[in-house]
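1. turn this into a model:
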Amino acid sequence: MFDAEPLGQGWLQVGELALAFLLSALIGLEREIRQKSAGLRTYTLVGFGSALILLVSKYGFSNVVMPNQVVLDPSRVAAQIVSGIGFIGGGVIFVRKDVVRGLTTAATVWLVAAVGMACGAGLPVLALVVFAGHFIVVMIFPYLERRLPQSRWAPSRLQVSYQDGKGILREVLVACADQGFSVMRTQIEQGGDVGIVTLILEIRGLRPVVKLAARLSEISGCAAE
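-> All right, here's what the predicted structure looks like:
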């Protein structure tokens, strides 16, 4: 009575899996190019696996379902995907002091799972709409964010060039502290003139950055912009 061949193993389901694979891989490729903590393989596997799990939820128990006797709720497996994907998303979030990084990556992992679930559920139009929405968010929204008025609490970038080997870096950091700025991150840029170090500072403070730049430029052998 319960040994009928399960449904859901036709070309339609293969096509749904292929669509999930393609869309997830394209999102993963964009993340890989940007060198994020989760890349091509992670996103492809998350979306591809989510589609398969949802297909199993839809068709995998058809051989035991009987009207008015055995009734299953396929939405329960879909709900578990949403919960379980949080473990992967949480693993790519990093907190250092008061700076949180990886939130967009975690959200994108969650979105890829949703795209895979939509493909597995036989909703390709919704999957394509969300797929397109991802690229709008990651490619157009940053441009719009740069156009928004900057909050005084938002970190700013400052480029400092100074002569190496003269202890100027210590003076730069002391000057930042004296002006009421905290240094969130530093980055050394290679190249340039021999003996000259180019330092990118990510700073946060309540005073105008131009005043800090002017103060740093007063240090002998140092220029800030």
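2. got the CA coordinates for the helix ranked longest in the chain in PDB?
-> Determined from DSSP state H, the single longest helix within the chain is helix 11-33. Output of helix 11-33 as PDB, limited to C-alpha atoms (Å, rounded to 0.1, in the frame of the first residue of the first chain):
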ATOM      1  CA  TRP A  11      12.600  16.900 -15.900                       C
ATOM      2  CA  LEU A  12      10.500  19.700 -14.300                       C
ATOM      3  CA  GLN A  13      12.200  19.100 -11.000                       C
ATOM      4  CA  VAL A  14      15.600  18.800 -12.600                       C
ATOM      5  CA  GLY A  15      15.000  22.200 -14.300                       C
ATOM      6  CA  GLU A  16      14.100  23.700 -10.900                       C
ATOM      7  CA  LEU A  17      17.300  22.400  -9.400                       C
ATOM      8  CA  ALA A  18      19.300  23.700 -12.400                       C
ATOM      9  CA  LEU A  19      17.700  27.200 -12.000                       C
ATOM     10  CA  ALA A  20      18.500  27.200  -8.300                       C
ATOM     11  CA  PHE A  21      22.100  26.200  -9.200                       C
ATOM     12  CA  LEU A  22      22.500  28.900 -11.800                       C
ATOM     13  CA  LEU A  23      21.000  31.800  -9.800                       C
ATOM     14  CA  SER A  24      22.900  30.800  -6.600                       C
ATOM     15  CA  ALA A  25      26.200  30.500  -8.600                       C
ATOM     16  CA  LEU A  26      25.700  33.900 -10.200                       C
ATOM     17  CA  ILE A  27      25.100  35.600  -6.800                       C
ATOM     18  CA  GLY A  28      28.100  33.600  -5.400                       C
ATOM     19  CA  LEU A  29      30.300  34.800  -8.300                       C
ATOM     20  CA  GLU A  30      29.500  38.400  -7.500                       C
ATOM     21  CA  ARG A  31      30.400  37.800  -3.800                       C
ATOM     22  CA  GLU A  32      33.600  36.000  -4.900                       C
ATOM     23  CA  ILE A  33      34.700  38.900  -7.100                       C
END
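3. specify the local secondary structure of the nearest residue to I200 once chain neighbours are set aside.
-> Excluding the flanking residues, the one nearest I200 by C-beta to C-beta, 6 or more residues apart in numbering is Q187, at 4.2 Å. C-betas here are computed from N, CA, C, even on glycine. What DSSP: H, G, I helix; E, B strand; the rest coil gives for Q187 is strand.
4. quick one: Q187 from L158, how far?
-> Note on Q187: its distance to L158, by C-beta to C-beta, to the nearest Å, is 11 Å.
5. and the residue nearest the centre of the chain, what element?
-> For the chain, the residue sitting closest to the mean C-alpha position, by C-alpha atoms, centre = their mean, is T105 at 1.8 Å. Per DSSP states H and E, T105 falls inside helix 103-120.
6. packing partners of that helix?
-> Contacts defined by 3 or more C-beta pairs under 8 Å, 6 or more residues apart in numbering; DSSP states H and E place helix 103-120 against helix 11-33, helix 40-59, helix 75-91, helix 124-139.
7. would you turn those into a markdown table with mean neighbour count and distance to L216?
-> Shown next, in a markdown table, are the helices and strands packed on helix 103-120 (neighbours: other C-beta atoms under 10 Å; distance: least, C-beta to C-beta, whole Å):
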| stretch | mean neighbour count | distance to L216 |
| --- | --- | --- |
| helix 11-33 | 19 | 34 |
| helix 40-59 | 22 | 41 |
| helix 75-91 | 14 | 39 |
| helix 124-139 | 15 | 34 |
